[in-house]
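[1] whatever this is, show me its structure:
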Amino acid sequence: MSEPEEPPRPRIANWIVSALIGLFGVVVFTLAVRSGRSDSALLFVGLPVLLAAALAMTPARTVHGRAFLFTTVCLLLASVALQEGAVCVILAAPLVYGVVHATTGLIHWWREVNRPYYAVAVLPLLLAGGVEGTTDGLRLDPEQSVQVVRQIALPADQLAARIAAGPRPVPVRSIPLRLLGVPLPKQVTGDGLAVGDRWVFAYHGSSHGPGGHLVAEVDRAEPGRIGFRFVEDTSITHRWVTWQHAELSWRPVDNGQTEVRVTAAYQRGLDPSWYFGPVQDALMHEGAGHLLDMLALA
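    Presented below is the predicted three-dimensional model:
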C-alpha cells in the first residue's frame, strides 16, 4: 500500500513573493491613508493584499493551478493599485481567467503531444481576439441601447409633475451597482420638461477619475414624452460609455396606474463585444432603473 502523497510546502520563492506583496501593500495603504482615503484603505488595499500574500504562499500541484494562482495574485494587486477602480478588474476578471486557462491548456497540450509548431497556427487566432477595438474600424456593434419599463401607482398627471421636478440623488437600490461600486451622480441640478431645459449630473472624483459632469438637454417635448440630447460629458463614466440620446415616456394604464418607460442609446466603450456587450447592457439596465429611482418613480 503506497503512502499518501504529502501536500506541497511553500518554497523560499513563495516567501519572497509574499513578502514583496506585503511591502507593496504597506506602501499603497500608507499613501491611501495620507490622501484621506482611510475609510476605503482597508477594503480596497488591506483585504486584497492579504489575499494575494496568502495565495503567494500556496503551492500548486497542476499547471492550471499555478496559472490560476498567478492570475489571481496579479488581479488582486491590480485592484490594490486602482483601489475604487477595482470595479474594472472585477468586470474583466472572468475574461482574463478564460484567456489564461485556454492559453495554458493549449501550451500544455502542445508539450504533451510534442507538437510545438501547432503554436504557429493557433497563437495568431488567440491574438486575434485582442485586435477588436484597437481602431474604430475594428469594432463590432458598438452602438447599443437599453430600455426599462415600470408601472407606477400614480395618475399620469401626478407622475408628470414628479418628472418635471427633475431627478435627485437617492441611495442605490441596485445590488450589482452597489457591489461593483459603479460611479453614480452625487449631485443633480435642473428640472423642467420644456425644450432647452437641462439636467446636470455631477460626479465626485475617485480613483476612477477626477469626477466631472453629464449635461442632458431636452430637445423634444410632446404630451407624455420627452427626448434628451447630451450636450456635454466630462464624467468619469465617459471612458466606458458615450451617451447619444435618451427618451422618457409615460402613459396611463388603469386604476390610477401609469406606465413609464426610459430608453437610452449609447456607444459601448469596452471591447471585445462578445464579452463587454452583454456586461454593459446589464449594467445600463441597472443604471436606467436608478434614474427612475432618482425621479421618485419607485
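
[2] next one: residue 142 from residue 276, what distance?
    With distances taken as C-beta to C-beta, to the nearest Å, residue 142 is found 10 Å from residue 276. Backbone N, C-alpha and C define where each C-beta goes, glycine included.

[3] between the two, which is the more surrounded one?
    Of the pair residue 142 and residue 276, residue 276 is the one with more neighbours under other C-beta atoms under 10 Å, namely 21 against 17.

[4] per-residue pLDDT, the more buried one?
    For residue 276, the pLDDT comes out at 86.

[5] what's the burial count for the nearest residue to it once chain neighbours are set aside?
    Leaving aside its chain neighbours, residue 276 sits nearest to residue 270 (3.9 Å; criterion: C-beta to C-beta, 6 or more residues apart in numbering). Using other C-beta under 10 Å, residue 270 is surrounded by 18 other residues.

[6] list the buried residues for stretch 156-172?
    156, 159, 160, 163, 166, 167 (16 or more other C-beta atoms under 10 Å).

[7] list the buried residues of stretch 228-242.
    Under 16+ other C-beta under 10 Å, the buried positions of stretch 228-242 are 228, 230, 233, 235, 236, 237, 240, 241, 242.

[8] ok, back up a step: give the contact list for the residue nearest to residue 276.
    133, 240, 276, 279, 280 (C-beta atoms under 8 Å, 6 or more residues apart in numbering).

[9] then residue 296?
    Applying C-beta under 8 Å, 6+ apart to residue 296 gives the contacts 162, 165, 168, 170.

[10] contact partners for the second one?
    Under the criterion of C-beta under 8 Å, 6+ apart, the contact list for residue 165 reads 191, 296.

[11] do that again at 7 Å, thanks
    Contact partners of residue 165, counting by C-beta atoms under 7 Å, 6 or more residues apart in numbering, are residue 191.

[12] check the first one too.
    The neighbourhood of residue 162, defined by C-beta under 7 Å, 6+ apart, consists of 295, 296, 297.

[13] just checking, residue 96 touches residue 70?
    No - Residue 96 is beyond contact range of residue 70, at 11.2 Å (criterion: C-beta atoms under 7 Å).

[14] turn the buried residues of stretch 156-172 into a markdown table, including secondary structure, pLDDT and distance to residue 291.
    Formatted as a markdown table, the buried residues of stretch 156-172 follow (DSSP: H, G, I helix; E, B strand; the rest coil; pLDDT from 0 to 100; distance: C-beta to C-beta, whole Å):
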| residue | secondary structure | pLDDT | distance to residue 291 |
| --- | --- | --- | --- |
| 156 | helix | 89 | 19 |
| 159 | helix | 90 | 14 |
| 160 | helix | 90 | 16 |
| 163 | helix | 91 | 11 |
| 166 | coil | 90 | 11 |
| 167 | coil | 91 | 6 |
